[in-house]
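1. Here is a sequence together with a model predicted from it:
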There are 2 protein chains.
Amino acid sequence: MTDREVGGGTWELPACVAAAPVRRRGRVLREALRDAVRSGRLAPGTRLPSTRELAAELGVSRGLVTEAYEQLTAEGYLRSARGAGTWVGDAVRAAAPGRARDLAPRSPGVRVDFRPGVPDLSLFPRAAWAAAYRAALGGLAHRRLGYPDPRGLPELRTALAALLTRRRGVVADPERLVVCSGVAQALTLVGSVLRERGERIVGVEDPGSPEHGTLFAAAGLRAVGLPLDPEGLAPGPLAASGVRAVVTTPAHQFPCGIGYSAARRAGLLGWARSVDGWVVEDDYDGDFRYDREPVGALQGLDPERVVYTGSVSKSLAPGLRLGWLLLPESLAGAVVERKRTMDLGHPVLDQAVLADFVARGGYDRHLRRCRSAYRERRDALVAALAAALPGTEVSGIAAGLHVIARVPARYGPAAVFAERAGAAGVEVRTLADFGTGGEPDGDGVSLVLGYAHLTPGEITRGVEALARAVAPAGGAGRRGAGR
Amino acid sequence: MTDREVGGGTWELPACVAAAPVRRRGRVLREALRDAVRSGRLAPGTRLPSTRELAAELGVSRGLVTEAYEQLTAEGYLRSARGAGTWVGDAVRAAAPGRARDLAPRSPGVRVDFRPGVPDLSLFPRAAWAAAYRAALGGLAHRRLGYPDPRGLPELRTALAALLTRRRGVVADPERLVVCSGVAQALTLVGSVLRERGERIVGVEDPGSPEHGTLFAAAGLRAVGLPLDPEGLAPGPLAASGVRAVVTTPAHQFPCGIGYSAARRAGLLGWARSVDGWVVEDDYDGDFRYDREPVGALQGLDPERVVYTGSVSKSLAPGLRLGWLLLPESLAGAVVERKRTMDLGHPVLDQAVLADFVARGGYDRHLRRCRSAYRERRDALVAALAAALPGTEVSGIAAGLHVIARVPARYGPAAVFAERAGAAGVEVRTLADFGTGGEPDGDGVSLVLGYAHLTPGEITRGVEALARAVAPAGGAGRRGAGR
């Protein structure tokens, strides 16, 4: 590399140009010139050598230099006047230095992580999914690779409608089903439409999923936390809140783990009719119940008052970003149009794969396999808690991917419980993390323990490590107990 | 099937229950009961037969009926009092009758469709894509099937950054690249963030892509159409418009087909700096240029003023819904957060497939193949127009998937041209369809002809059919010519 005066500036000549294979030289020269201009090595106003000079110096053809100059002039890096030469233009500005961002999922390093929300990703049916992919790609006509129907592929909507009718007891008209990229997008879509209709607030369960409020906030709606009682959303505060739409998890409340009572289900629908509003039913893990058949979805009782949404995030994998909405007639058209403007519809190959997987029974087989594994893990967790943290009460229905475990007060104050556990390599969340209510003083701590992603052995080791970390001073002491 | 009085109501007894295989009888009975309640055949308040009676009548076990009653009571369809019987609840409401909607892509039926915007989907590299899918699925660790990084998979961002730097001359930091589901979502994301920052209007090219305005409207921004001159967006109206952000297609203006001049490129960036604003560069078909190397993207000149967006919709298939954004530091964080709340990030398997396809050179090979096919089709179109519609002028650079063809006035008034063509089975769009300017009276008609999705034979037949449909009365008459 040699330095060369160029009209007052200094730049490193791209010696790599001549070294490059002949067919790549043009590109290499262009990139070297762009870089020199961007970096400021060639300052604005600098006159470049003539094409003849530069070609001679680099040992390349003059035509190649001429082409590079013309290209960079067209792009705005250089300017030239016919016969008068070529200068560095003044349009270029450099990029600001990058700033490190940490938006990626948290790094691991914890030995046992009981945080809820993720299924066992090692159960993902790779072979069956790959087979469904081959079938889907092979069976899709060329034209279907074009812009999709914003509601979703007809064959997927038909397959999902049949699946949800059978498994969840919904009323599922494929014409009212919209394929979307998970419950998050479903809530964003519904939130946007409610805001267009003039709503400014929406009810969410408290405690509940923190994402519900975040997603509605992004759609311009303020989330109003509404308290629960042992049967579900408490009717009084709901009626007094002034909201006309509320998001609920009736099959298995997150995080408390209760199933809504029959009376509360009817009451919720009565409320929706009385305010001419909507219940959004987030059926986030409605497929997993271990003691009996899952209770059918609320939507089946009143399809014109309930927006039903679910996804494969807990049943297959969150990374697939595939979910669905069943919509009342009053919202369907607007939601579909919003889906269209949001992304023009869901990727077609993914939809075709899920359609094949569902239609051929692969989805049911996979759910059976997961259900069996998760039941075993839940049993392991309950047993480990009883053995290592005696006095702990597990509440909520036998369903889903997490339990609520109330640990007696003698194991330490709620405020430091999770911290002590974390220091010992066991990540836990408390019920207080998911709501505004907090824990009653001195009454122990309610843990929200996800188990589906852990093996029975990991679960047992995790609970034992937890017990060691929070063991009362003096062994099985009774400090704080009985208060 | 028999009818049976049930506490005053009449319902069809599910004879199918006993006929079903034993392990399915419970489900069949539950579905039959739900259907009877929903349809009103079992009216609210109707008392159901006792479990003993119904079991005897159906010839099934009493436990099965008890379970069904309990399940439907939990779901809210029935209500019961211990020992006192079971009644139909009053929570149920039926779905409103479905209304047929036509949001699906228009049905075919046209013989030759010159409407622009779609690549040749039969060129989609199915075998190479399937191979990339196998490699991606096989190589992805389990944990990566979890919730994705909202910016996109790191390996895809790295592969795209290298690709776009090399092919489009951009400054591409993978940390500032966001994977999204196409240019539509990119504009929705940027529009949402601009609105949060207080913008209420945004400039769009006129004529231009009608979608630009639609997408911004959904984000709460009003689109202001800005006129073009032969070099690009006219500077005066842009400066006078009051917008601080403008969407442009500088590599190949849609639909006019011009490439922005070097002076206009620099002027546009100067404008953006002067208003502390942004240029959104929709590089919708920047890969296809037939006469020379594609002009590098505007973004490379000033990465802090230009939001660059592109997708695989014109290069691979719109149905993949895969695109990208390169963002200035000033917008990156907010756009990533908006992407997160919009759908929690893009499906990971699709991303892994594209990363593999790009990194192994499959994308470059595919673009070379398409470029060769499309150049041949463009040549066929230009030749057919010269032969069948003499006097027609093809304008715009030799690039992309469409041409602008100005047909002389003797072939009929602009107002009825497209209609006559359509009646003859040839779908065409005119320039007036994409802007507010309309056509100068009596000065012929400018057609926007997409050719990439048609074979050379189809193109020739289409142009010949078009010529027959619009032939001046009296053969090669001169009616209207010369005005």
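-> Arrived safely.
2. Check chain A for its longest helix and report it.
-> Residue-count comparison of every helix in chain A, with assignments taken from DSSP state H, identifies helix A:362-388 as the longest.
3. Which positions within that helix qualify as buried?
-> Residues of helix A:362-388 classed as buried: A:362-363, A:366-367, A:370-371, A:373-375, A:377-378, A:380-382, A:384-385, A:388 (neighbour count, 16 or more other Cβ atoms under 10 Å in any protein chain shown). C-betas here are computed from N, CA, C, even on glycine.
4. where in chain A is pLDDT low?
-> For chain A, residues meeting the criterion pLDDT under 70 lie at A:1-15, A:97-110, A:438-442, A:473-483.
5. go again using 80 as the cut-off
-> When the per-residue scores of chain A are filtered using pLDDT under 80, the ranges that remain are A:1-19, A:81-84, A:95-110, A:414-415, A:437-443, A:473-483.
6. and it, what are its domains?
-> Per automatic domain parsing, the structural domains of chain A span A:4-88, A:112-116+A:365-470, A:121-363.
7. looking at those domains, which is buried most?
-> Of all the domains of chain A, domain A:121-363 carries the top mean neighbour count, a mean of 21, counting by mean count of other Cβ atoms under 10 Å in any protein chain shown.
8. now do the same end-to-end measure for that one.
-> Counting by Cα to Cα, to the nearest Å, the length from the leading to the trailing residue of domain A:121-363 is 15 Å.
9. And stretch A:272-283, by the same measure?
-> The first and last residues of stretch A:272-283 sit 18 Å apart, counting by Cα to Cα.
10. Kindly report the same for stretch A:51-64.
-> Across its full length, stretch A:51-64 reaches 9 Å between end residues, using Cα to Cα.
11. and that stretch, is it in reach of chain B?
-> No. Using Cβ under 8 Å from any Cβ of the partner chain, we find that stretch A:51-64 stays clear of chain B, coming within 11.8 Å at best.
12. mind checking how far that stretch is from the chain centre?
-> Taking Cα atoms, centre = their mean, to the nearest Å, one finds stretch A:51-64 lying 54 Å from the centre of the chain it belongs to.
13. My guess is A:Asp287 contacts A:Leu367. True?
-> Yes. The pair A:Asp287 and A:Leu367 passes the contact test of Cβ atoms under 8 Å, sitting 5.4 Å apart.
14. Can you pull the residues that touch both of those two?
-> The overlap between the contact sets of A:Asp287 and A:Leu367 (Cβ atoms under 8 Å, 6 or more residues apart in numbering or on different chains) consists of A:Ser315.
15. which residues in the stretch 51-200 of chain A form helices?
-> A:51-58, A:62-75, A:126-139, A:154-168, A:183-196 (DSSP state H, counting those that start in this stretch).
16. Check which helices and strands the last one sits against.
-> Secondary-structure packing of helix A:183-196 (3 or more Cβ pairs under 8 Å, 6 or more residues apart in numbering or on different chains; DSSP states H and E): strand A:177-180, helix A:210-218, strand A:245-248, strand A:278-282, strand A:306-311, strand A:323-326, helix A:329-343, helix B:329-343.
17. Let me have the ones you listed in CSV, extended by distance to A:Gly437.
-> Compiled in CSV, those are given as follows (distance: least, Cβ to Cβ, whole Å):
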stretch, distance to A:Gly437
strand A:177-180, 31
helix A:210-218, 14
strand A:245-248, 17
strand A:278-282, 20
strand A:306-311, 25
strand A:323-326, 29
helix A:329-343, 31
helix B:329-343, 25
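18. re the thing from before, show me how far the longest helix of chain A is from its chain's centre.
-> 24 Å.
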